[in-house]
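Colleague: prediction below, plus the sequence it came from.
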Amino acid sequence: MRTFTSAAAKNNFGELIDLARAAPVAITKYDRPVVVVMAMEEFERLKVLDAPVSPPPKRKARLLR
């Protein structure tokens, strides 16, 4: 994964956007990764994977006679 410092991300924003459209880019501050910039399509794909799965519908209890 490519990495930009926060200052480099600010000063080279156009390049950052171009790179992030192809693959996620990490942004660091004080040598620590703090955020990732990625394409909207990749973000939407990941959101679907993270969506909670609904429990199966509850069945009505049947009375046994």
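Modeller: Structure received. Residues are numbered from 1 along each chain as shown.
Colleague: in stretch 3-19, what counts as buried?
Modeller: Phe4, Ala9, Leu16 (16 or more other C-beta atoms under 10 Å). Bear in mind the C-beta positions are built from the backbone N, C-alpha and C, glycine included.
Colleague: show me how far that stretch is from its chain's centre.
Modeller: What separates the centre of stretch 3-19 from the centre of its chain is 18 Å, taken as C-alpha atoms, centre = their mean, to the nearest Å.
Colleague: ok, the residue nearest to Ala39 when sequence neighbours are not counted - how many residues close by?
Modeller: Using C-beta to C-beta, 6 or more residues apart in numbering and skipping the chain neighbours, the partner closest in space to Ala39 is Arg21 (4.8 Å). Arg21 sits with 14 neighbouring residues when counted by other C-beta atoms under 10 Å.
Colleague: can you tell me the SS state at Arg21?
Modeller: Judged by DSSP: H, G, I helix; E, B strand; the rest coil, the three-state class of Arg21 is helix.
Colleague: now do it against Arg62, distance only.
Modeller: Per C-beta to C-beta, to the nearest Å, Arg21 is found 55 Å from Arg62.
Colleague: Ile27 bridge partners, please.
Modeller: With DSSP bridges applied, Ile27 shows beta-bridge pairing to Phe4, Val35.
Colleague: what sits against it?
Modeller: Thr3, Phe4, Thr5, Ser6, Ala9, Pro33, Val34, Val35, Val36, Val37 (C-beta atoms under 8 Å, 6 or more residues apart in numbering).
Colleague: repeat that with 10 Å
Modeller: Ile27 makes contacts with 3-10, 16, 20, 33-37, as judged by C-beta atoms under 10 Å, 6 or more residues apart in numbering.
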